[in-house]
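*Asks:* sequence and computational prediction follow.
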Amino acid sequence: MSIDVAQRDQTPPSGPEPTTKGRHRVLSPPVTGQELVLIGVIAVLWAILAFTTPAFFTPSSIQPLVASVAPIALIGIGMTVVIITGGIDVSVGAAIAVCSVITAKLVLVQAGQSLPVALIISVIVGGLLGLLNGVLIAYGRVHAIIITFGTANIFLWIALKIFNSTTVNNIPDTLAPLGNGAPGRTFGVPNSFLITVVLAAIAWYYLRHTAGGRHFFAIGGDQLAAQLAGVKVRQRILAAYLLTGLLVGLASTFVVAQGSNLGQNVGNGKELAVIAAVVIGGTSITGGRGSVLGTVLGALLVQTVASGVTQLGWRSELSDLFVGVAIIIAVGADLLRERARRKR
Amino acid sequence: MTVPTLSEPEATAPDKRSGARGPERAESLPARVIRALLTQRIVLLAVLIVLVVVYFMVLGANGYLTAAYDFDYMSAALINAVPLAMLGFAELIVILSGRGGIDLSVGAIVSLAGMIFGFAYGQWGWPLWLSILITVIVGGVLGLINGILVAYIGFPALIATLATYYAYKSLAVVINNQRPISTRPIQDLYDSTARSVQLPVIGAWIPDVPKGIFLFLLPTMIVVWLLLARTTYGRRVYAIGTNDVAARWSAIGVRATRAGAYMISGLISGLVAVVTVGQFASARPDAGVSGNGMALPAITIAVLGGVAITGGIGRVSGIVLATVLIVWMNAGIRLAFEGNAGPQNQLLALGLLLVFAALLNGFALRRYGGAG
């Protein structure tokens, strides 16, 4: 367990601490300071954008925005759990490539299957990839970042083999109910975003209010202590990566549904975008602390910035600069609060 | 265990072990060989390099390759080792410094510093030495920003360098409106950095070697080795990486030392920017971040070279051997497959090698209580 030595002397987790003052003292508040700040920042950004570009507050602008949030936020749910346990998964970008090319090329174009079949196959493939990561990390007892760097290369190889050096064209619109167009909306809201919100809400409740959910925090806080307290550490860690894989599979169907073509660069850099959303949302990269709500807000912030930059007519690459600054500010604010909390 | 390929470690490794740990001299020879393979990363890498080279030479001799896998080809392939190994050294120093040390931003620094070099040398017409100097300084400043964020403000390294990766990458694209700079002087750089040359005196008997090896890689390697192995600063890096609380009580300036590690990583990245501009004969805004980027391969090299991700353990020789292994393996794969299959299979080989090395690290740690 030498891996944890460096982490243990950093921020103590603000998760479950033994106290007798009742339930409200045990859990962090439902909406933490970080999340309030994020809500505020997003509100201010939306207000500025609405003020400067009248086209911003129209359905045709908001709908693609929230639809683009969906895959990042959805994978972010799994990544949040992984990071809470003190791990990380940098293979999700390559895993997206595998799931989406299998779904688009093999299942939809070549076999012409229906939506439920495509959905199930994509989720199963994603689950298998996640399972591989989980087994290697939980039972090989190797640092997650190294294993997932390795599996990212292997996944990318699988995806490129299936792509066979060409883009996938003429994808049938079987997945339209998950896409950007009119059939993909319920009461004007993209279905992909609705699914993400529902799953995020379930994950939020599970992580906060069930014993199983708290176990993930316990592992991230102190793996050894969690083990001594009876937490099945390896199974939980395996489950975290498996969950991420399953969600990657689901998110890949959103990605495929967004157009009739699929390029070989699908998923490129998505792992960093997901990690950015998670850390902007206030999840501690050293484990033991974090929330799914923050991750969804973080993804929303990142996509708002990206959308805003293009709508203001700036170079779209400039949005990366703001994402970098947002990470520094969000995590920096968290560090300052943590420092203040410890001084008290 | 096939005996012929193990002749090298048999000759060298047991000496080291018996010198280091007296009581274990009673071990049988096969046990000592296995121990050396598992615990001494450079022994394992050396064996793997021999295996890879022999394998591809046999394939080539039997006509399975599209071109000859000979010493000339292997030597020419070494040009790919220059940026890879140099960034491997950068990651080595940063990871050694501990506390989850890692630098995701090296590729973005290469892009941004490369654009600065393009401006200075290609557009403003500065002399070459001054352009290189300013590029390296820019790299150092960008690295120092990482160092301040990590060491003084307390950001986890992964977060700080992820953020600066985004920021630097974006600036590199915006700074010249996404256009590369490839004016005449920049194009002429290819000849003076990347071309293979015949060495004086012994050159007639060995293959031509790319200039970049002598101009950039070897000097960097020697400086980094001297820095880590022969200076107080180097020992401090190992000390803070092993246990930074103990290091603080030993009156080591932990913050300055750690910030310095990130600055050195930036300086090396700045130098790599010059190499990359020469190699491409163009200052490209996405030089260090296109595709998989440069950071991930560099971290892979470091891990494969036996650097412990937890800090405090790692050597220059491991990085060098890991780079040579990857470069010669990739060179062989390029000849063994036609078209896009080659680069694709390089991904698979790299991924398997990394997972294998990581699992082996874990196993060796449990079995022998320490991987060297």
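*Replies:* That came through, no problem.
*Asks:* can you tell me the distance between the two ends of stretch A:182-198?
*Replies:* Using C-alpha to C-alpha, to the nearest Å, the end-to-end distance of stretch A:182-198 comes out at 21 Å.
*Asks:* list the buried residues for that stretch?
*Replies:* A:Gly184, A:Arg185, A:Val189, A:Pro190, A:Asn191, A:Ser192, A:Phe193, A:Ile195, A:Thr196, A:Val197 (16 or more other C-beta atoms under 10 Å in any protein chain shown). Bear in mind the C-beta positions are built from the backbone N, C-alpha and C, glycine included.
*Asks:* need phi/psi at residue 179.
*Replies:* Going with chain A. Per-residue torsions, A:Gly179: phi -90, psi -160 (degrees, to the nearest 10).
*Asks:* I was after chain B.
*Replies:* Phi and psi for B:Arg179, reported as degrees, to the nearest 10, are phi -90, psi 140.
*Asks:* how about the nearest residue to it, chain neighbours excluded?
*Replies:* Counting by C-beta to C-beta, 6 or more residues apart in numbering or on different chains, B:Pro285 is the residue found nearest to B:Arg179 once chain neighbours are left out, at 7.5 Å.
*Asks:* what about that neighbour, how many residues nearby?
*Replies:* Close neighbours of B:Pro285, defined as other C-beta atoms under 10 Å in any protein chain shown, add up to 26.
*Asks:* so it belongs to a helix, correct?
*Replies:* No: read with DSSP: H, G, I helix; E, B strand; the rest coil, B:Pro285 is coil and lies in no helix.
*Asks:* how close does it sit to B:Ser131?
*Replies:* Using C-beta to C-beta, to the nearest Å, B:Pro285 is found at 17 Å from B:Ser131.
*Asks:* same question for B:Met115.
*Replies:* Distance, B:Met115 to B:Ser131, using C-beta to C-beta: 12 Å.
*Asks:* who's more crowded, those two?
*Replies:* B:Met115 (28 against 23).
*Asks:* ok, now which ones touch the more buried one?
*Replies:* Residues near B:Met115 by C-beta atoms under 8 Å, 6 or more residues apart in numbering or on different chains: B:Ala172, B:Ile175, B:Asn176, B:Ile181, B:Ala283, B:Pro285.
*Asks:* surely it is in a strand?
*Replies:* No: looking at B:Met115 with three-state DSSP, it is helix, so not inside a strand.
*Asks:* what parts of the stretch 201-344 of chain A come near chain B?
*Replies:* Where the stretch 201-344 of chain A comes near chain B, counting by C-beta under 8 Å from any C-beta of the partner chain, the residues are A:268, A:272, A:275-276, A:279, A:285-286, A:315, A:317-321, A:323-325, A:327-328, A:331-332, A:335, A:339.
*Asks:* which strand or helix spans B:Ala239?
*Replies:* Counting by DSSP states H and E, the element that carries B:Ala239 is helix B:232-242.
*Asks:* give the buried residues for that helix.
*Replies:* By 16+ other C-beta under 10 Å, the buried positions in helix B:232-242 come out as B:Gly234, B:Arg236, B:Val237, B:Tyr238, B:Ala239, B:Ile240, B:Gly241, B:Thr242.
*Asks:* could you list the low-pLDDT ranges of the chain?
*Replies:* Just so you know, I chose chain A. Filtered on pLDDT under 70, chain A yields the residue ranges A:1-27, A:344.
*Asks:* I was after chain B.
*Replies:* Filtered on pLDDT under 70, chain B yields the residue ranges B:1-26, B:192-206, B:291-292, B:369-372.
*Asks:* so which of the residues of the stretch 201-344 of chain A next to chain B sit within helices?
*Replies:* Among those, DSSP state H puts A:272, A:275-276, A:279, A:318-321, A:323-325, A:327-328, A:331-332, A:335, A:339 in helices.
*Asks:* for the stretch 151-300 of chain A, what spans make up the helices?
*Replies:* A:191-209, A:211-221, A:223-228, A:233-257, A:270-280, A:292-311 (DSSP state H, counting those that start in this stretch).
*Asks:* how about the CA coordinates for the third one, as CSV?
*Replies:* Extracted C-alpha coordinates of helix A:223-228, given in CSV (Å, rounded to 0.1, in the frame of the first residue of the first chain):
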residue,chain,number,x,y,z
GLN,A,223,-7.8,2.1,2.0
LEU,A,224,-6.3,0.1,4.8
ALA,A,225,-8.7,1.5,7.4
ALA,A,226,-11.6,0.7,5.1
GLN,A,227,-10.4,-2.9,4.7
LEU,A,228,-10.0,-3.3,8.5
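*Asks:* got the buried residues for that helix?
*Replies:* Neighbour counts over helix A:223-228 (16+ other C-beta under 10 Å) mark A:Gln223, A:Ala226 as buried.
*Asks:* so which elements touch it?
*Replies:* Contacts defined by 3 or more C-beta pairs under 8 Å, 6 or more residues apart in numbering or on different chains; DSSP states H and E place helix A:223-228 against helix A:211-221, helix A:233-257.
*Asks:* turn the ones you listed into TSV, including mean neighbour count.
*Replies:* Below are the helices and strands packed on helix A:223-228 laid out as TSV (neighbours: other C-beta atoms under 10 Å in any protein chain shown):
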stretch	mean neighbour count
helix A:211-221	21
helix A:233-257	26
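*Asks:* make CSV from those and add distance to A:Val81 to it.
*Replies:* Shown next, in CSV, are the helices and strands packed on helix A:223-228 (distance: least, C-beta to C-beta, whole Å):
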stretch, distance to A:Val81
helix A:211-221, 6
helix A:233-257, 5
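*Asks:* so which residue of the stretch 251-372 of chain B comes closest to chain A?
*Replies:* In the stretch 251-372 of chain B, no residue comes nearer to chain A than B:Gly351, which is 3.0 Å away by C-beta to the nearest C-beta.
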